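[1] Starting from these lines, generate the structure:
(2 chains)
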There are 2 protein chains.
Amino acid sequence: MIKFEEALNIVLGSVSTLAPEEVSIIDSLERVLAGDVYSDCDIPAFDYSAMDGFALRFADTKGALPESCIRLEIVGEFRAGGDTSSKVGPGEAVRIMTGAPIPEGADAVIMVEKTKENGGIVEICEEVEAGDNIRLTGEDINNGDLVIHKGTLLNSAHVGMFASLGISRVNVIKKPRVALLMTGDEVIGIDEEIRPGKVRNSNAYSLFCQVKKYGGAPVNMGTARDEKDSLRERLKSCLDCDLIITSGGVSMGEYDYVKDVMNEIGMEQKFWKVAMRPGKPNLFGLIDGKPFFGLPGNPVSGMVGFEVFIGPAIRKMLGQKDEERDVDAILQEDIKKKKGLMFFIRAVTRWEGGRYVTKTTGPQGSGMLSSMVRANSLIILPEDEQLIKQGTMVKVRLL
Amino acid sequence: MIKFEEALNIVLGSVSTLAPEEVSIIDSLERVLAGDVYSDCDIPAFDYSAMDGFALRFADTKGALPESCIRLEIVGEFRAGGDTSSKVGPGEAVRIMTGAPIPEGADAVIMVEKTKENGGIVEICEEVEAGDNIRLTGEDINNGDLVIHKGTLLNSAHVGMFASLGISRVNVIKKPRVALLMTGDEVIGIDEEIRPGKVRNSNAYSLFCQVKKYGGAPVNMGTARDEKDSLRERLKSCLDCDLIITSGGVSMGEYDYVKDVMNEIGMEQKFWKVAMRPGKPNLFGLIDGKPFFGLPGNPVSGMVGFEVFIGPAIRKMLGQKDEERDVDAILQEDIKKKKGLMFFIRAVTRWEGGRYVTKTTGPQGSGMLSSMVRANSLIILPEDEQLIKQGTMVKVRLL
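    Prediction:
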């Protein structure tokens, strides 16, 4: 039996970031950028007005006061995207709209609310400073700037930035194709009637969704019988995926063939049993250099095994930085645990009064899928602990 | 000019949750359940073994000790999903695998690791208690239980639970179809060369992604010229969506026609200017009972306006509970602001040493899309404040 931290390190040391692929920027949302993106232009690309108003020469407003206004002749109008042929000479102004380029000769803009207009003349009753209300070329980004770093998880602002830079396609890290193979003679379709000894195939659904949630591309490989030939054939058909997950058949039972068959077809086994609860049996190895996870068939153990091992593996394959996803929270009840095992306790965690508070969902039997349904988090309790008192600060993984 | 809180209340009071639609459970991930889901079966549906071992009568093990073991005859084998015809009589045991139903006559299971087997006989050297290692019918869920509440945002565990209950399709709240109409003569395609007076159409991309991120279905309605007829025609074509967003044309400029045209075609205007920064002009109204937002064309103002008004509106339309998404964080620098305006300051917020800490992305000019790119959060500073000192606890919206 291996310790949890050691097992996780083995997993993370065994997987690598996948190759890039080119996608349209719309499809790059929530993907990881595969290379640095530089600007090949200035943004803004020209000096423009930040206000609706009048472009003028600031020197013309020297001495302007409410009681001694100055008057400029309006010689043209610049609107965003419109004609830009007028120039501003001494004693002149150009009516200008937000976003329009600054006319030749002008060096400031006064907002329309501060002016009075009268038959082709604008009256200005305060001084204006050079550069007022002008956004300068390159103020946001300069030609040649490194704008978005390789490895960035792309959000809406990044996509907008690509568009501004005139970039319509970008390289992002491929999504891992994740094979999901269920095992077990007891597994029946979800539309079938329940009968003694049979269970509906819920794991195929919850694991499919977990893969999607982490950004992988799930591939449903069906259900193998508890029979070596069936299992061998199905497992081989999974090998063109980037990551392979089985559910069930990894325990001590006489018909738990997954480990045997995987070893037969060439898996380099890394670990089998992990000192954790729920879900002690978590088979992990490499086959053809690809990560293989044999999750326990118990729904809760399988989902937790996914969260703590496979989620981080998918994130690494996607090139996502190993950000701290765990938070500290105040425990709202006593918890007793078995020494020597890392515990992942289904919990409800809330932000309350400037800190997180957490309590368990109640009985933690690994058969209780209903407790997983109520949980929004896992309380993580290290091997050494035995009794954790109410009020203690504990580590919590938000799901 | 209206205060921010008042404006937000008007928005939330003007939109309602959309109708339900039926989807496959796989597609229900991250959607909101439209009706309570009850169980029509017990889970587990039968008493089963939680261990690989032997099913027996606990009374037979009375007095068993390491120095005086008892011996039971193995009369059959139950595996998950296999044959279940054997019964357990006095002095008998059935070999049993995890998940297999408990044989008739048996009332406990001993795990295989605690037994010794020898030619059809199993040796047991400790006492077993009634019910040991047996998971009882209905232990997790009873027939008739309310399992998942209406209004739940569905995750992987919920989808697994549906499958367990034999439910393959569920009713979830429809995704709002969100029309996105850009406006402005200055807007050019993202593949076009930048030239004075023109800007690439980045808003269409960032807003599209924001709609997707919040769970809406964005509909790209193209770009309207700054010309009333063009705008009127385009706006009318948006009316079959559930929510309409325009970008640009809502300022004080002489060619900012969006408000006029919307009023002409029958919009009930609710507010236009909000006491906030960035993005004072945020036009909101109802047309044919549908919410209409006129966002400012400035990329940062538009994105922030979306986050603070449209995001919450979409969440309400999706039936998502108005969960507290804001956290408290320690400000790591002084901030000066203008009194009377609500400020949303682009910031980088991190979890550090058991609390959030936050600092601004630097200059907050609304032309700085690069600062939006660096931000992961918005610091929210109320109207009354003017100088907020380093070390103050401030409210932060994580993006």
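[2] Please make it C-alpha for all contacts and neighbour counts, starting now.
    Will do.
[3] Once you drop chain neighbours, what's closest to the residue of the stretch 101-250 of chain A found nearest chain B?
    Nearest residue of the stretch 101-250 of chain A to chain B (CA to the nearest CA) works out as residue A:186 at 3.5 Å. With sequence-adjacent residues excluded and distances taken as CA to CA, 6 or more residues apart in numbering or on different chains, residue A:186 is closest to residue B:81, at 3.5 Å.
[4] again with residue A:60
    residue A:91 (6.4 Å).
[5] What is the end-to-end distance of stretch A:108-119?
    The straight-line separation of the ends of stretch A:108-119 (CA to CA, to the nearest Å) is 22 Å.
[6] So that stretch, near chain B or not?
    No: remark: stretch A:108-119 sits outside contact range of chain B, by CA under 8 Å from any CA of the partner chain, the gap being at least 8.6 Å.
[7] in stretch A:389-399, what counts as buried?
    A:393, A:394, A:395, A:396, A:397, A:398 (16 or more other CA atoms under 10 Å in any protein chain shown).
[8] and which of these is nearest to residue A:293?
    residue A:397 (21.0 Å; CA to CA).
[9] give the contact list for the closest one.
    Applying CA atoms under 8 Å, 6 or more residues apart in numbering or on different chains to residue A:397 gives the contacts A:325, A:326, A:327, A:377, A:378, A:379, A:380.
[10] swap in residue A:199?
    By CA under 8 Å, 6+ apart, the contact list for residue A:199 reads A:186, A:187, A:188, B:164.
[11] Residue A:198 contacts residue A:190, doesn't it?
    No: between residue A:198 and residue A:190 there is no contact under CA atoms under 8 Å: 10.9 Å.
[12] Got the confidence number for the residue of the stretch 101-250 of chain A closest to chain B?
    On pLDDT, residue A:186 comes in at 90.
[13] ditto for the one 5 residues further on
    The score at residue A:191 is 91. That number is its pLDDT.
[14] wait, does stretch A:172-180 contact chain B?
    No: Stretch A:172-180 does not reach chain B (CA under 8 Å from any CA); its nearest approach is 14.2 Å.
[15] pLDDT of that stretch, averaged?
    98.
[16] okay, how far is it across that stretch, tip to tip?
    With CA to CA as the measure, stretch A:172-180 spans 24 Å from end to end.
[17] residue ranges for the strands of the stretch 51-200 of chain A, please.
    A:53-56, A:70-78, A:92-96, A:108-111, A:115-118, A:121-124, A:134-135, A:146-148, A:169-173, A:177-183, A:187-188, A:199-200 (DSSP state E, counting those that start in this stretch).
[18] Who are the packing partners of the second one?
    Meaning strand A:70-78. Counting contacts by 3 or more CA pairs under 8 Å, 6 or more residues apart in numbering or on different chains; DSSP states H and E, strand A:70-78 packs against strand A:92-96, strand A:121-124.
[19] Rebuild those as JSON lines, extending it with mean neighbour count and distance to chain B.
    Formatted as JSON lines, these follow (neighbours: other CA atoms under 10 Å in any protein chain shown; distance: least, CA to the nearest CA, whole Å):
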{"stretch": "strand A:92-96", "mean neighbour count": "26", "distance to chain B": "9"}
{"stretch": "strand A:121-124", "mean neighbour count": "19", "distance to chain B": "16"}
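[20] Columns mean pLDDT on top of those, output as CSV?
    Formatted as CSV, the helices and strands packed on strand A:70-78 follow (pLDDT from 0 to 100):
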stretch, mean pLDDT
strand A:92-96, 96
strand A:121-124, 97
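[21] possible to save those as CSV with distance to residue B:360?
    Shown next, in CSV, are those (distance: least, CA to CA, whole Å):
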stretch, distance to residue B:360
strand A:92-96, 32
strand A:121-124, 36
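[22] Distance check, residue A:272 against chain B.
    17 Å (CA to the nearest CA, to the nearest Å).
[23] Repeat that for residue A:328.
    6 Å.
[24] Same check on residue A:44?
    Counting by CA to the nearest CA, the gap from residue A:44 to chain B is 8 Å.
[25] So what's the residue count around residue A:171?
    As a burial measure, residue A:171 scores 21 neighbours (other CA atoms under 10 Å in any protein chain shown).
[26] Secondary structure element holding the residue lying closest to it once chain neighbours are set aside?
    Setting aside the residues directly before and after it, residue A:171 is nearest to residue A:22 in space (CA to CA, 6+ apart), at 4.3 Å. Here residue A:22 sits within strand A:20-24, counting by DSSP states H and E.
[27] Just the buried residues of that strand, please?
    A:20, A:23.
[28] likewise stretch A:327-346?
    A:327-332, A:335, A:337, A:341-346.
[29] next one: stretch A:108-115
    Buried residues in stretch A:108-115, counted by 16+ other CA under 10 Å: A:108, A:109, A:110, A:111, A:112, A:115.
[30] Next, the contact list for the residue nearest to residue A:186, please.
    Going by CA under 8 Å, 6+ apart, residue B:81 touches A:184, A:185, A:186, A:187, A:197, A:198, B:100.
[31] rerun that using 6 Å as the cut-off
    Counting by CA atoms under 6 Å, 6 or more residues apart in numbering or on different chains, residue B:81 touches A:185, A:186, A:197, A:198.
[32] ok, which pair from those is furthest apart?
    A:185 and A:197 (9.3 Å).
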